[in-house]
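Peer 1: next input, structure requested:
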Amino acid sequence: MDDPLRLRCLVTGATGYIGGRLVPELLSAGHQVRCLARTPAKVRDQPWAGQVETVQGDVTDPASLRSALAGVDVAYYLVHALGTGTSFEATDRRAARSFAQGARAAGVRRIVYLGGLAPAGVPEERLSPHLRSRAEVGRILLASGVPTAVLRAAVILGSGSASFEMLRYLTERLPVMVTPSWVHTRIQPVAVRDVLRLLVSAAALPAEVNRTFDIGGPDVLTYLEMMQRYAAVAGLPRRLVMPVPVLTPRLSSYWVGLVTPVPSSLARPLVESLRHEVVCTEHDIARWAPDPPGGPVGFDRAVELALQRIQEADVATRWSSASLPGAPSDPLPTDPDWAGGSLYRDQRQLPVDAAPEALWRVIEGIGGENGWYSFPLAWAVRGWLDRLCGGVGLRRGRRDPQRLRVGDSLDFWRVEEVEPGRLLRLRAEMRLPGLAWLELAVEPDGGSGCHYRQRALFHPHGLAGHAYWWSVSPFHALVFGGMARNITGAAAAEQRARSGAPVRAK
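Peer 2: Predicted structure coming up:
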């Protein structure tokens with residue numbers, strides 16, 4: 001390139017927590033950015049989407065990697081196949097090998113990988129599957145023949161990170177708690193802004209640098225100390241904690257899943273990573289990326305910054321930005337490539353004596369703190385049942401209280417499509433014997449009002465799926481019917497509040 005400081009960067013995992021924050025940082029540093037995404041639509045609504053090139057592909061698909069890596073100087077590998085069995089390790093291994101081979105063939109100058117900080121002196125076979133897999137991915141990339149920087153971090157502190165949400169909700173919701181023995185494990189957390197700073201800096205490392213770097217903040221704390229210091233920063237009374245050694249990582253993950261928004265399927269690898277001390281053994285990265293004035297962000301300041309972002313509803317990405325393992329990826333039944341089969345529908349339409357804009361504001365504000373506009377107890381029970389089955393439940397809430405974009409998690413749904421002012425399509429991520437969607441749409445009536453259209457779709461899997469639909473269908477009039485009536489009523493009320501004039505109900 002003409003400008004040696006302007007690099008062509010490929011970011012994998014651009015719709016995830018770190019990737020979604022790294023892209024604007026690379027752009028601010030003057031680099032060109034290309035994003036690799038399995039579903040490019042998830043990139044479309046990002047505020048930086050118009051400044052990047054987006055290509056469709058998958059790190060396990062060599063053909064799509066060839067075009068994605070063509071002409072790239074620096075390739076960021078920010079993807080992981082989280083899980084609790086052995087299949088995710090095989091997927092991680094296959095993806096890393098494919099990426100390493102593709103990067104070498106394309107002449108990429110550097111690979112940058114964000115992995116997990118492994119405990120010093122602990123044999124790899126004794127590590128949690130999560131950390132073991134990340135270590136293996138790092139080795140594969142380092143052996144690729146492409147100069148590679150593997151940055152290894154422990155707990156990442158930032159608004160919306162899974163580790164921060166777990167810490168936040170455990171501390172806020174349980175003033176008195178029974179905890180596992182891992183609360184006494186020493187950890188060196190790092191602020192997300194320092195992680196991003198180092199990821200950007202790693203792009204300019206000299207070609208001879210091919211190694212791992214431990215990255216962490218200035219504080220080394222036990223998890224118990226982290227909870228107590230979080231409570232102090234948040235203005236909460238000191239927490240009373242009673243460790244119980246018999247709580248295994250599996251049991252701990254179920255406990256975390258019930259108390260926090262982080263589902264047990266994601267909590268387990270996080271908890272298992274806390275069995276061993278994770279403290280940096282070197283700070284060599286500072287040789288090429290010097291610490292900022294005042295040093296890296298400390299724990300208390302990182303918590304303050306994260307809470308400020310949450311209070312201001314300015315959370316750029318969340319742990320739930322990436323789809324969960326096992327989340328549906330099948331096409332919508334109305335798509336041309338739908339495979340067919342049984343499809344149950346619940347369709348409703350109501351006239352609305354309000355402008356389309358007023359109705360859309362109500363639709364886009366659904367979920368989270370605003371709820372689902374019908375039978376709150378039924379939604380709460382469904383959320384709790386989902387959590388008990390290891391699902392995400394209702395606690396994920398929403399990233400932004402007013403605006404939605406494709407890929408956002410919304411309680412136990414995920415935003416599959418947003419056509420502003422017209423259509424919101426949600427795909428279910430709760431535990432179900434089938435696939436489910438919910439569509440909320442606005443249709444102008446040619447006058448001053450509009451029509452509200454609502455459609456729930458369910459594609460059953462096997463006999464259990466059919467039985468599920470018919471067992472819950474008696475409640476649809478109460479749940480879905482109430483939702484339609486209350487959404488249209490809320491739109492009319494908003495119109496009346498904004499205009500100051502009475503609105504006639506139809």
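Peer 1: quick one: mean pLDDT over the longest helix along the chain.
Peer 2: Longest helix of the chain, by residue count under DSSP state H: helix 476-499. Across helix 476-499, pLDDT averages out at 86.
Peer 1: got the CA coordinates for that helix in CSV?
Peer 2: Written as CSV, here are the backbone C-alpha positions of helix 476-499 (Å, rounded to 0.1, in the frame of the first residue of the first chain):
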residue,chain,number,x,y,z
HIS,A,476,-52.8,-17.8,22.2
ALA,A,477,-56.0,-15.6,22.4
LEU,A,478,-54.8,-14.3,25.8
VAL,A,479,-51.2,-13.9,24.9
PHE,A,480,-51.1,-13.0,21.2
GLY,A,481,-54.5,-11.4,21.2
GLY,A,482,-53.7,-9.3,24.2
MET,A,483,-50.4,-8.3,22.7
ALA,A,484,-52.1,-7.0,19.5
ARG,A,485,-54.8,-5.1,21.5
ASN,A,486,-52.3,-3.6,23.9
ILE,A,487,-49.8,-2.6,21.2
THR,A,488,-52.4,-0.8,19.2
GLY,A,489,-53.8,0.8,22.3
ALA,A,490,-50.4,2.0,23.3
ALA,A,491,-49.8,3.5,19.9
ALA,A,492,-53.1,5.4,20.1
ALA,A,493,-52.2,6.6,23.6
GLU,A,494,-48.8,7.8,22.4
GLN,A,495,-50.5,9.6,19.5
ARG,A,496,-52.9,11.3,21.9
ALA,A,497,-50.1,12.3,24.3
ARG,A,498,-47.9,13.8,21.5
SER,A,499,-50.8,15.6,19.8
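Peer 1: list the buried residues in it.
Peer 2: Applying a neighbour-count criterion of 16 or more other CB atoms under 10 Å, one finds 476, 479-484, 486-492, 494-496 buried in helix 476-499. Bear in mind the C-beta positions are built from the backbone N, C-alpha and C, glycine included.
Peer 1: flag the shaky bits of the stretch 1-150 of the chain, pLDDT-wise.
Peer 2: The stretch 1-150 of the chain contains residues with pLDDT under 70 at 1-4, 81-86.
Peer 1: helix, strand or coil: sort out Leu435 for me.
Peer 2: Following DSSP: H, G, I helix; E, B strand; the rest coil, Leu435 is assigned to strand.
Peer 1: what sits opposite it in the beta ladder?
Peer 2: Beta-bridge pairing for Leu435 (DSSP bridges): His459.
Peer 1: that one and Ala428 touch, don't they?
Peer 2: Yes. If you go by CB atoms under 8 Å, Leu435 and Ala428 touch, sitting 7.2 Å apart.
Peer 1: show me where the stretch 101-250 of the chain has strands.
Peer 2: 110-116, 148-153, 156-157, 176-179, 186-187, 190-191, 211-214, 221-222, 240-243 (DSSP state E, counting those that start in this stretch).
Peer 1: and the angle from the first one to strand 148-153?
Peer 2: I take that to be strand 110-116. Using axes from the mean of the first three to the mean of the last three CA atoms, to 10 degrees, the inter-axis angle of strand 110-116 relative to strand 148-153 is 20 degrees.
Peer 1: contacting residues around strand 110-116?
Peer 2: Outside strand 110-116, the residues that touch it by CB atoms under 8 Å, 6 or more residues apart in numbering are 18, 73-78, 99-100, 103, 130-131, 134-135, 137-138, 141, 144, 146-154, 195, 199, 202-203, 205, 207, 212, 273, 278.
Peer 1: which of these fall in helices?
Peer 2: 18, 99-100, 103, 130-131, 134-135, 137-138, 141, 195, 199, 202.
Peer 1: just the buried residues out of the residues you listed, in PyMOL syntax.
Peer 2: In PyMOL, a selection of the buried entries from the ones in helices among the contacts of strand 110-116 looks like this (16+ other CB under 10 Å):
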select buried, resi 18+99+100+103+130+131+134+135+137+138+141+195+199+202
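Peer 1: can I get the ones in helices among the contacts of strand 110-116 in a markdown table including distance to Val220?
Peer 2: Shown next, in a markdown table, are the ones in helices among the contacts of strand 110-116 (distance: CB to CB, whole Å):
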| residue | distance to Val220 |
| --- | --- |
| Ile18 | 22 |
| Phe99 | 33 |
| Ala100 | 33 |
| Ala103 | 35 |
| His130 | 21 |
| Leu131 | 18 |
| Arg134 | 21 |
| Ala135 | 21 |
| Val137 | 26 |
| Gly138 | 22 |
| Leu141 | 28 |
| Val195 | 17 |
| Leu199 | 22 |
| Ala202 | 23 |
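Peer 1: which of the ones in helices among the contacts of strand 110-116 sits closest to Gly462?
Peer 2: Gly462 has its nearest neighbour among the ones in helices among the contacts of strand 110-116 in His130, at 31.5 Å by CB to CB.
Peer 1: and that closest one, how close does it get to His80?
Peer 2: 8 Å (CB to CB, to the nearest Å).
Peer 1: ok, now Pro237?
Peer 2: 37 Å.
Peer 1: looking at those two, which is more packed in?
Peer 2: His80 (22 against 8; other CB atoms under 10 Å).
Peer 1: the more buried one reaches Thr91, doesn't it?
Peer 2: No. Proximity of His80 to Thr91 does not meet the contact threshold set by CB under 8 Å, at 9.2 Å.
Peer 1: how far does the longest helix of the chain sit from its chain's centre?
Peer 2: 30 Å (CA atoms, centre = their mean, to the nearest Å).
Peer 1: in space, what's closest to Gly138 - neighbours in sequence excluded?
Peer 2: Val150 (4.2 Å; CB to CB, 6 or more residues apart in numbering).
Peer 1: residues contacting the one you found?
Peer 2: By CB under 8 Å, 6+ apart, the neighbours of Val150 are Tyr113, Gly115, Gly138, Leu141, Leu142, Arg211, Thr212, Phe213.
Peer 1: ok, and the closest non-adjacent residue to Asp300?
Peer 2: Val233 (5.4 Å).
Peer 1: could you report the separation of that neighbour from Leu157?
Peer 2: Distance, Val233 to Leu157, using CB to CB: 11 Å.
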